[in-house]
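Student: Sequence and predicted structure are below.
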Amino acid sequence: MPDTNRTYYDDLVEGHVFPPHHWTVTEQDVADLDACVVVGPLRKADGTELPAAAAPARQPLSPFLLNTFKAMRAAISMPDGLLHARETLELHAPAYPGDRLSLTLRVKSKHIKNDKKFVLIEHDIARVDDQRRIMTVDRLIVWVK
């Protein structure tokens, strides 16, 4: 008997937009990430290192702090066993600790290939205060049920 509390492949409709998920990345979130990863120096577009004194006083958030599964978990009751197949990120503008953020999910497409069910979900992140787009993520998921 199917679990009626789970979202199945056939339940997902291309073009469907889920209600936005709101959250704020705190200074403590930044400190927790910094404790887990080694961050190199800031670099200019040409790859040359910025001197520490030239680094901006207010550091933008890492895309790792913005690229979250929390919105998917809040919007979609995902069945166990989903596989994260691929994703692309497009950065539009910086976000900073304390910014109120909104993430909107859209089922961009779905298809079956080699008997595997794929769903491409677009994550569009914007700053709530000015509605400026921060980042877009296209996440391809292998939907097992």
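Tutor: That came through, no problem.
Student: only C-alpha atoms for contact and neighbour calcs from this point on.
Tutor: Fine.
Student: pLDDT weak spots in the protein?
Tutor: Across the chain, the ranges flagged by pLDDT under 70 are 1-4, 52-56.
Student: quick one, longest helix in it?
Tutor: In the chain, ranked by residue count with DSSP state H as the criterion, the top helix is helix 27-36.
Student: ok now do the residue nearest to Ala74 when sequence neighbours are not counted, which residues does it touch?
Tutor: Spatially, and ignoring its direct neighbours in sequence, Ala74 is nearest to His21 (7.6 Å; C-alpha to C-alpha, 6 or more residues apart in numbering). With contacts taken as C-alpha atoms under 8 Å, 6 or more residues apart in numbering, His21 has the following neighbours: 71, 74, 102-104.
Student: how close does His21 sit to Asp80?
Tutor: Counting by C-alpha to C-alpha, to the nearest Å, the gap from His21 to Asp80 is 22 Å.
Student: Check the offset of stretch 83-95 from the chain's centre.
Tutor: Relative to the mean C-alpha coordinate of its chain, stretch 83-95 is positioned 6 Å out (C-alpha atoms, centre = their mean, to the nearest Å).
Student: List the contacts of that stretch.
Tutor: With contact meaning C-alpha under 8 Å, 6+ apart, stretch 83-95 is reached by 60-61, 127, 132-144.
Student: so which of these is the most crowded?
Tutor: For the contacts of stretch 83-95, neighbours were counted by other C-alpha atoms under 10 Å; the highest total belongs to Trp143, with 24 neighbours.
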